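# quick one, structure for this:
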Amino acid sequence: MFMYDSGYLLIVVASLVLGGITQAYIKSTYRKWSQVPSGLGTDGASVARKMLVEGGAGGVGITRVAGQLTDHYDPRDNCLHLSDENYQGGSVASVAVACHEAGHAVQTAKGYMPGMIRTALVPVVNISQQGWMLVFILGMWMGLVGLMQFAVLLFAFTVIFQLVTLPVEIDASRRAVKYLSGSLGPNELAGARKVLIAAALTYVASALVSILNLVYLMARTNNRR
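Numbers count the residues shown, from 1 in each chain. Got it, this is the predicted structure:
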């Protein structure tokens, strides 16, 4: 089915290339600025804590999480989960990533609308991601265009989720840069921006690949009519 379709194979190749390029770029950018001290004389967790307090999200917790670049904010437990390097590190990269995650917590505290929409979509997307391909293949096998259309609709929720994620991530980085602009020197602030831009590119690449997949699925469904 999919594996013998040249259009689908092209999307797979594009996904691998985009994913590889963006991951290589963010790792190289992060590695460069993780070796440059921020000059703040403290670690990422402490800087994030100050940003949370000043942003009206002082009740948010901060814990460590294993791995590299595994940092995230989880609204379910209202906690920042920072990787060891960014939790205890004081580099430009560490404080940039920590403040980015703090930016997400501040979004929640202030009722940032795109963030609220993204959170509301999570349960739907969790279901659609797990089942859309099975439904689509079943529809192709049984020759049921309606079932294929339903699968496309399920996948469309994933695309919408990723598109909504883009402004949420960009805004969190904007908040981080704004907060750090009063503390970092010009060179360090420029480095923080580069780290956060590199991280944002992964979301852009993921959204582009999902859009390509959606177009492909719609074309396959229309050809079955």
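# which helix or strand contains the nearest residue to M133 once chain neighbours are set aside?
Spatial nearest neighbour of M133, excluding adjacent residues (Cβ to Cβ, 6 or more residues apart in numbering): A151 at 7.3 Å. For every residue, glycine as well, the C-beta is placed using N, CA and C. Applying DSSP states H and E as the criterion places A151 in helix 145-180.
# mind giving me the packing neighbours of the helix or strand following that helix?
The C-terminal neighbour of helix 145-180 among helices and strands, as given by DSSP H and E, is helix 186-223. On a contact count with 3 or more Cβ pairs under 8 Å, 6 or more residues apart in numbering; DSSP states H and E, helix 186-223 meets helix 6-33, helix 92-109, helix 145-180.
# immediately after the first one, which helix or strand?
The reference is to helix 6-33. Counting by DSSP H and E, the next helix or strand C-terminal to helix 6-33 is helix 44-54.
# rewinding a little: comparing the helices and strands packed on helix 186-223, which comes out most buried?
Highest mean neighbour count among these (mean count of other Cβ atoms under 10 Å): helix 92-109, with a mean of 27.
# what average pLDDT does that one get?
In this model, helix 92-109 has a mean pLDDT of 97.
# repeat for stretch 129-146
The average pLDDT within stretch 129-146 is 85.
# give me the element V124 is part of.
For V124, the secondary-structure element it belongs to, assigned by DSSP H and E, is helix 113-142.
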